[in-house]
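Trainee: below is the sequence, then the predicted model.
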Number of protein chains: 4
Amino acid sequence: MLGATGAVGQAFVRLLVDHPWFELVEVAASERSAGKRYDEATRWLGSEIPRQVAGMPVRSCDPGEVSAEIVFSALDSSVAGEAEQRFAAAGRWVISNAKNHRMEPDVPLVIAEVNPDHMALLEAQRARRGWTGAIVTNGNCSTIALVSAIAPLHRAFGIRRAVVVTMQAVSGAGYPGVPSLDALGNVVPFIRDEEEKIEEETLKFLGTMEGEGIRPANVVVGAHTNRVPVENGHTICVSLELEHPVAPHEARAALLDWKGAPAARDLPTSPERPVIVRDEVDRPQPRRDAGSGGGMSTVVGRIRADPVLGLRMVAMAHNVVRGAAGAAVQNAELLVATGRMPSP
Amino acid sequence: MLGATGAVGQAFVRLLVDHPWFELVEVAASERSAGKRYDEATRWLGSEIPRQVAGMPVRSCDPGEVSAEIVFSALDSSVAGEAEQRFAAAGRWVISNAKNHRMEPDVPLVIAEVNPDHMALLEAQRARRGWTGAIVTNGNCSTIALVSAIAPLHRAFGIRRAVVVTMQAVSGAGYPGVPSLDALGNVVPFIRDEEEKIEEETLKFLGTMEGEGIRPANVVVGAHTNRVPVENGHTICVSLELEHPVAPHEARAALLDWKGAPAARDLPTSPERPVIVRDEVDRPQPRRDAGSGGGMSTVVGRIRADPVLGLRMVAMAHNVVRGAAGAAVQNAELLVATGRMPSP
Amino acid sequence: MLGATGAVGQAFVRLLVDHPWFELVEVAASERSAGKRYDEATRWLGSEIPRQVAGMPVRSCDPGEVSAEIVFSALDSSVAGEAEQRFAAAGRWVISNAKNHRMEPDVPLVIAEVNPDHMALLEAQRARRGWTGAIVTNGNCSTIALVSAIAPLHRAFGIRRAVVVTMQAVSGAGYPGVPSLDALGNVVPFIRDEEEKIEEETLKFLGTMEGEGIRPANVVVGAHTNRVPVENGHTICVSLELEHPVAPHEARAALLDWKGAPAARDLPTSPERPVIVRDEVDRPQPRRDAGSGGGMSTVVGRIRADPVLGLRMVAMAHNVVRGAAGAAVQNAELLVATGRMPSP
Amino acid sequence: MLGATGAVGQAFVRLLVDHPWFELVEVAASERSAGKRYDEATRWLGSEIPRQVAGMPVRSCDPGEVSAEIVFSALDSSVAGEAEQRFAAAGRWVISNAKNHRMEPDVPLVIAEVNPDHMALLEAQRARRGWTGAIVTNGNCSTIALVSAIAPLHRAFGIRRAVVVTMQAVSGAGYPGVPSLDALGNVVPFIRDEEEKIEEETLKFLGTMEGEGIRPANVVVGAHTNRVPVENGHTICVSLELEHPVAPHEARAALLDWKGAPAARDLPTSPERPVIVRDEVDRPQPRRDAGSGGGMSTVVGRIRADPVLGLRMVAMAHNVVRGAAGAAVQNAELLVATGRMPSP
């Protein structure tokens, strides 16, 4: 586990300490933390550091210091690029939440329920790079929430264009992250690089394997991203133009029918329902719904006609679980379940 | 002043106690408050009730009880409809913030800087209704923020379609309004009737006088409305399709050039700049910008290209001042300055 | 379950739907809700109403309408007084969170870990009132948090005087409760009747059975109560004067040793540790610690010398669980476990 | 103006740009900012940087770079100690908000309304240190709020002991200061060194000149300090033991009578009433009252008997104005008005 002391790293720790398949054996972090004990190096954001981890020594993010076969990375993008390559070159499976390699053509960018077939990129990746290991990525937290909600509609009706406006929780910026003088009673209508990530990653997620690469989906996305004073849960308003326009109740039915790709269905971290449709007029709400499905369900509501693009709705997902650590752990489970990665 | 004890009513009181043209002579409210002293009937939301008003008796909302010629109404929509008609029939000028009469074809729905010429509807109104008084309305708070920001672009380039997503302050719901268990650390993606108001009122505001009526603007608006834990200031993300598409810098220039209609320029409540363009990457923000121009300026930022509709930006205005009481007081000033209403 | 639709009532529902000993068979509420289905009558504050309860008809709070032997009451104090007496007179066990009967001399006011022996008042209660049923109460939410934290010190060293300052979560006021315009970014230094409850109930909780009644503890409490923008968890700063003054480390040891009364130790709702001592310099915190022990543990920290009264510390407990519904359910368990109440 | 880019530095800038006596001629800050323009170096926390200051070059905090006679210091305590001494040694008047020199026996620690006579320490300071300049300090923000409120009672009745519990705004920690993940919906019951400052500075503020030094007041203070999610305004619950116990209405009368020391009465920054007594049952509140008297009034409420120490009440003051920049500017005005410092 690389980058274990940060906000997303802590979420990884929580998901891994009691994981039925994986065992958390080592934690690593930046040089500032390396050498300390985990509980000394970490500003724990929950109540109590799990006992199994509290006393672990923090290692440096170096393949010589970390022996695990499967390496989860919550590294900051300032260091993730090279560090993850070193681990992959050293034969490790790097399951990364960092943005650095996501858009590289031979790196899978995967949501287990949406595009598990993109894992096939790994063959090209290893061939081209000469690695015995590999890098697999999940997406940006708001992109995952968006794509989880619109993928069923894209599969069923084709999406042409989407105007997307996010209201994102402060935990998405990590710790210390957003200063409280910016967050309290305020909206900050800007998150650096976030709109670009949503507009690009969405197309790769919804794209199709073609030969050894991904053909991006023929979708145009325009995003506005905002920070709001919410702890966990990104809320997203979406207006959609479909290739095959449908009435709201048909869109709702498609979302209700959605069970996610078969490969993802019985993974330990997969929720019972990847998309939950709520029919109350004022849902989803992050405070009420972010914990749905253990934080792994995306909750959709307010599905209705849009006078401009045809269809509109609201989606919400837990940015730290569904949108980050949970997505990565689920990707690792997918690799094991499909036999790509050796069972740990 | 009708409905003087509520959240918007208090904003009226603050604007009127020191007004250079108007004198606040009477306060009226619902039967529950009538007969009490203003300071006993009112849960004052600021620090201290202005001395001139604190001891005033609260009257009932009846033309027999209230003698003022000019009557500002912050009445709840459940009672505003009839009450305002009674006052207009009794020869009073009713300057109303209530929604009830806004969309009636012979009632002006006016933002002083945007469509002061719509006051011409008053002739039809009086003729048709046989009133010696009149009803003039301003719009819904989020609609005013939106229209203030997009009117300059509509005038310059023509707006065809707009996707609008609001993040609205809790003061917009009045007092007691939003329960704190719904507001704290949460987003509620629904405000009753709000999307409809934005989608309809905008067309009337941007419409043109034609004969004795208004031809609504040929614009399609699709709105998402959200409540966020902010005290004052509605923030709005807008994606726009223009008839004559322009680059962001041209849109910015049009907004910078905008001084509002000449008739509105020197009114006491008019801000120096009706639209303020901020070039910082993360503005406007309600906590920092809601007080701009004494709460009467609309602040616009992040003007940039939109891959879906062509242009996008963020607008923010103080919902209680620019979006409610201030807009009404300014409308009254406009009526005086243009000689439609007798100088008080 | 009486008063099942409110904030505390919902907490009862959550604790009872999966309870190992009790089965939730009926829900009742005010006349406004009676006759509706539970999910129609309730503004559910969590994500989803448990399926077993959603479709239940809401009954009126009348012993003729409700057949359960054990009746949990989360009724508002405006109606709880009489309603609870009717149920007790009709032979039911009323386990009440309401304030109405708490201070009556023959009504047990019990925290299971602190003063389970006070249940002996029930004999006097039945004899004097001629009831076949009974009324048992838990305390005010902030009093429970306080008493849970100081009872171990009182037992060990005797408390003479206590200055108590609370910072209370908005959920303590129920729903709709505190308007967001009062709560957001604010402190309200007043909660009606709260200081009186803390100052009186504490003495009864810490009092001793003497003959057929309680002799109140010889302790003087002075309280300041404040509302802060926190969802769940009341935080309390306490300065204490002890009969037998001790150093902070001795007070800490007494709190660490505390296991609660033996009768409470193995009840289903009892937490592993009724008091958790945290040694981090900045704990307890409601956001991090309110869920400790499933919301039933009181978390204490910052135990240090006080220049004025001798000892000071900070205590925090979940006001809706430890301070209300959980305390009541635990009291019912205590009655069953000690054979006072028939096993359901 | 030293330390001009931080949160308190910005408050100084706001107070000084339109000051009737002082002219803001130079801004200085840490080496990181020196050389930049003020608007480039500053994350401005309000709406717009005043035009007069925006383009100023930021100088380093060196007497050779800064030519002003009167130097306001909002420096961080990590650098303030030496930097302020250098300026004083170079003949400048240093009016400091930093904590470094406050408790030195020959440095005045002054609230203009409370202990202006302590400025007499300056003679000893200059004699002992051989300086032609001088250092004058105001206190910690929560101490100033406390002392402003209790000084009138100390003068009238003598205070023996005080238990003090603060609920402090996040702006007290500067920018970036408190991470939003710690602040949102939370209470942090610890602020480093804050309790010590309150317990020590209070005694110096309330002390008396004796010979060339200050005899600290014979008062014992025990403090609990808490951070709450409030932007501006520290709220303080105080329980007081008086030498001459009085009824609450007598304490209230003493606070109402209080006009502050005559020397402070007509200074430009002095508010009309240094202490405002509010009789509403739920005041003061930071959101409503922090702006009272332009942020310079301390607001007191809930004056009532305390069963433990005799008297209790709540005080609130704006931590950045009354508690920091405003106090310093007022001290400079006091020095000019009393002829100690040359008129600028």
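Mentor: Structure's in. What do you need?
Trainee: CA only for contacts and neighbour counts going forward, please
Mentor: Noted.
Trainee: count of neighbours near A:Glu65?
Mentor: 12 (other Cα atoms under 10 Å in any protein chain shown).
Trainee: check what pLDDT it gets.
Mentor: Note for A:Glu65: predicted pLDDT of 96.
Trainee: that one is in what secondary structure piece?
Mentor: Using DSSP states H and E, A:Glu65 falls within no helix or strand.
Trainee: distance of it from chain B?
Mentor: A:Glu65 sits 41 Å away from chain B, taking Cα to the nearest Cα, to the nearest Å as the criterion.
Trainee: equivalent analysis for A:Gly323, please.
Mentor: For A:Gly323, the distance to chain B - Cα to the nearest Cα - is 18 Å.
Trainee: which residues of the stretch 1-150 of chain A lie near chain C?
Mentor: Within the stretch 1-150 of chain A, the residues that sit near chain C (Cα under 8 Å from any Cα of the partner chain) are A:Leu45, A:Gly46, A:Ser47.
Trainee: so who does the closest residue to chain C within the stretch 151-300 of chain A touch?
Mentor: Residue of the stretch 151-300 of chain A nearest chain C, by Cα to the nearest Cα: A:Arg288 (4.7 Å). Residues near A:Arg288 by Cα atoms under 8 Å, 6 or more residues apart in numbering or on different chains: C:Leu45, C:Gly46, C:Ser47.
Trainee: from these, which land in strands?
Mentor: Assigned to strands by DSSP state E, none of the contacts of A:Arg288 qualify.
Trainee: list just the nearest of those to D:Pro152.
Mentor: For those, the minimum distance to D:Pro152 (Cα to Cα) is 46.8 Å, reached by C:Leu45.
Trainee: just give the number of residues close to that closest one.
Mentor: A total of 17 residues lie near C:Leu45 under the criterion other Cα under 10 Å.
Trainee: correct me if wrong: it contacts C:Ala7.
Mentor: Yes: the pair C:Leu45 / C:Ala7 is scored as a contact, 7.2 Å apart, by Cα atoms under 8 Å.
Trainee: the residue of chain A most remote from its centre and chain D, how far apart?
Mentor: Ranked by distance from the centre of chain A (Cα atoms, centre = their mean), the top residue is A:Pro307, with 31.2 Å. With distances taken as Cα to the nearest Cα, A:Pro307 is found 36 Å from chain D.
Trainee: circling back: any chance of the contacts of A:Arg288 in CSV with distance to chain D and pLDDT as columns?
Mentor: Listed next are the contacts of A:Arg288 as CSV, based on distance: Cα to the nearest Cα, whole Å; pLDDT from 0 to 100:
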residue, distance to chain D, pLDDT
C:Leu45, 16, 95
C:Gly46, 17, 93
C:Ser47, 19, 93
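Trainee: and which of these is nearest to chain B?
Mentor: Minimum distance to chain B across those is 8.0 Å, recorded for C:Leu45 (Cα to the nearest Cα).
Trainee: got phi/psi on that closest one?
Mentor: Main-chain torsions, C:Leu45, degrees, to the nearest 10: phi -90, psi -10.
Trainee: A:Ile95 too?
Mentor: Torsion angles, degrees, to the nearest 10, at A:Ile95: phi -110, psi 110.
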